[in-house]
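In: Sequence isn't available, so here's the structure alone:
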C-alpha cells in the first residue's frame, strides 16, 4: 500500500471521517443536553448526571468487548451494528423525560458509541501505510474534536429554547453513516475485517502501558474541564479557557500525528507530557490570573491532544498489525475511564485540599508517567 498525497484524499479516509463525524455529533449533541432536559423535567442535578454516567459505562464495557465481537462476526457487521445502536434509538428520547427512561435509551446508545470509537481508530490506522498512520489517526482525532466544540453547547441551547426534538433529529444522524460501511470494509485488509478467533491477550498486554499513560492524562483533563468553571465562576474566563483547551487539543491531536510520522514517538510523547505538567502548574499557581488560566488551558490542551495521538500510535505499534482492534479497544477504554474517574477523584482531592493543590497533584501525576513514556517508546 503506497500513499504519497494528503491522507484526507484517500477515499476510505473520507468515508471514515464522514461516518465518524456523524457518530460523534450524535454523541456530542446529547452529552450535556440530556442532563439539562432531565432537570427541566423535574430531576435533581445529581440524578440528571446519571444519564451521562450510564452512557459512558455502557461505552467502556462495549469497547472491551469489541475485539471479541470483530473476531467472531467481522468488522462490517459490528460497525453497522454500532451505527444503528447509537442513532436508531434516539427518537425514543421523545417518549419521556424521566431519568430512568433517559438512562435506558442512553445505555443502548452507549454500546453503539463504544463500537464506533474502537473501530474508527482501527480503520484510520489500517487504510493507510504504517508510515502515514500518525497523520491518519490525527486527522481522525481532529474530526472527532470538532463536533464537541460546536454540538455540545448547541445541544444545550436547543434544550433551553424548548427545541429538544431537534437534538433528537441530530442524534439520529449516524444512520446515514451506514452508507459508508461497504467502502470501509473493502479498504481495510481482510485480516482485520474477517472473523479470526485470534486470542486478544498478547495485544492487551502490549497496549496496556501506553494506554495507562493516556489514562493519567485524561484524568487530568477531566479535572480541568469539570472544575475550572467552579474555580472561576465569573463565567467568561472559564468559558474562553475551555474553548481554547478544546481547540488546541483537537488541532494538536492532528498535528501530533503528522509529527509522529516524521519524527517518531520517542521524543514527542515525553515532550507532550512535560507540556502537560507545565500547563497544570500554571493553573495551580495562577487560578486568580486570567492570563495564567488562558495560558495553562492552552498549554495543557497541546499536551492533551498530542499525547492522545502518540499513545495510540505506540499502543498499536506494540500490539502488532493483527492486534490493532484490541489496542484501539484498550486505548479507548483507558481514555473514557480516565475521563470518568477524573471528575470524581479530583473532586475528592479538591474537597480536602482545594482546587489549586488539586491541580498541583495532577501535575505531579503527569510528571510521574514521563519516565514510563520514555521507556514505552523505546520499543
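Out: In hand now; what should we look at? Remember, predicted model here, so these are calculated numbers, not experimental data.
In: Test my guess that residue 66 contacts residue 78.
Out: Yes - using CB atoms under 8 Å, residue 66 is in contact with residue 78, at 6.7 Å. Heads up, the C-betas are built off the backbone N, CA and C, glycines and all.
In: so what's in contact with these two at the same time?
Out: A shared contact of residue 66 and residue 78, defined by CB atoms under 8 Å, 6 or more residues apart in numbering, is any residue touching both; here these are 115, 119.
In: Specify which residue of the two has the higher count of neighbours.
Out: Remark: of residue 66 and residue 78, residue 66 carries more neighbours, 28 against 22, as counted by other CB atoms under 10 Å.
In: Would you mind checking which helix or strand in this structure has the lowest mean pLDDT?
Out: helix 190-193 (a mean of 53; mean pLDDT, DSSP states H and E).
In: helix or strand right after it?
Out: Reading on from helix 190-193 to the C-terminus, the next helix or strand found by DSSP states H and E is helix 201-231.
In: In that following helix, which residues are buried?
Out: For helix 201-231, burial by neighbour count (16 or more other CB atoms under 10 Å) applies to 203-204, 206-228, 231.
In: How is residue 42 assigned, secondary-structure-wise?
Out: Remark: residue 42 carries the secondary structure label coil [criterion: DSSP: H, G, I helix; E, B strand; the rest coil].
In: tally of neighbours for the nearest residue to it once chain neighbours are set aside?
Out: Taking CB to CB, 6 or more residues apart in numbering as the measure, residue 42 lies nearest to residue 97, with 7.8 Å between them; neighbours along the chain are not counted. By the measure other CB under 10 Å, the count of residues near residue 97 is 17.
In: measure residue 97 to residue 109 for me?
Out: As judged by CB to CB, to the nearest Å, residue 97 and residue 109 stand 16 Å apart.
In: which residue ranges form the helices in the stretch 51-200 of the chain?
Out: Taking DSSP state H, counting those that start in this stretch as the test, the helices found in the stretch 51-200 of the chain are 75-87, 99-126, 133-160, 164-171, 181-187, 190-193.
In: centre of the chain versus the fifth one, how much separation?
Out: Read it as helix 181-187. Offset of helix 181-187 from its chain centre (CA atoms, centre = their mean, to the nearest Å): 23 Å.
In: who's in contact with that helix?
Out: Under the contact criterion CB under 8 Å, 6+ apart, helix 181-187 has outside partners 11-12, 15-16, 19, 75-76, 79-80, 83, 123, 127, 193.
In: how about 7 Å then?
Out: Taking CB atoms under 7 Å, 6 or more residues apart in numbering as the criterion, the residues outside helix 181-187 that touch it are 11-12, 15-16, 75-76, 79-80, 123, 127, 193.
In: of all those, which two lie farthest apart?
Out: Taking every pair in the contacts of helix 181-187 and measuring CB to CB, the maximum separation is 18.8 Å, between 11 and 80.
In: still on that earlier bit, what about the contacts of helix 181-187, which one has the most neighbours?
Out: When neighbours are counted as other CB under 10 Å, the busiest of those turns out to be residue 123, with 30 neighbours.
In: Pull up the per-residue confidence for that one.
Out: For residue 123, the pLDDT comes out at 90.
In: Can you give me the distance of it to residue 228?
Out: Counting by CB to CB, the separation of residue 123 from residue 228 is 34 Å.
In: repeat for residue 87
Out: When distances are taken as CB to CB, residue 87 and residue 228 turn out to be 32 Å apart.
In: quick revisit: looking at the helices of the stretch 51-200 of the chain, which is buried most?
Out: Looking across these with neighbours counted as mean count of other CB atoms under 10 Å, the highest average goes to helix 99-126: a mean of 25.
In: So which elements touch that one?
Out: Applying 3 or more CB pairs under 7 Å, 6 or more residues apart in numbering; DSSP states H and E, we find helix 99-126 packed against helix 11-31, helix 33-40, helix 45-73, helix 75-87, helix 133-160, helix 324-353.
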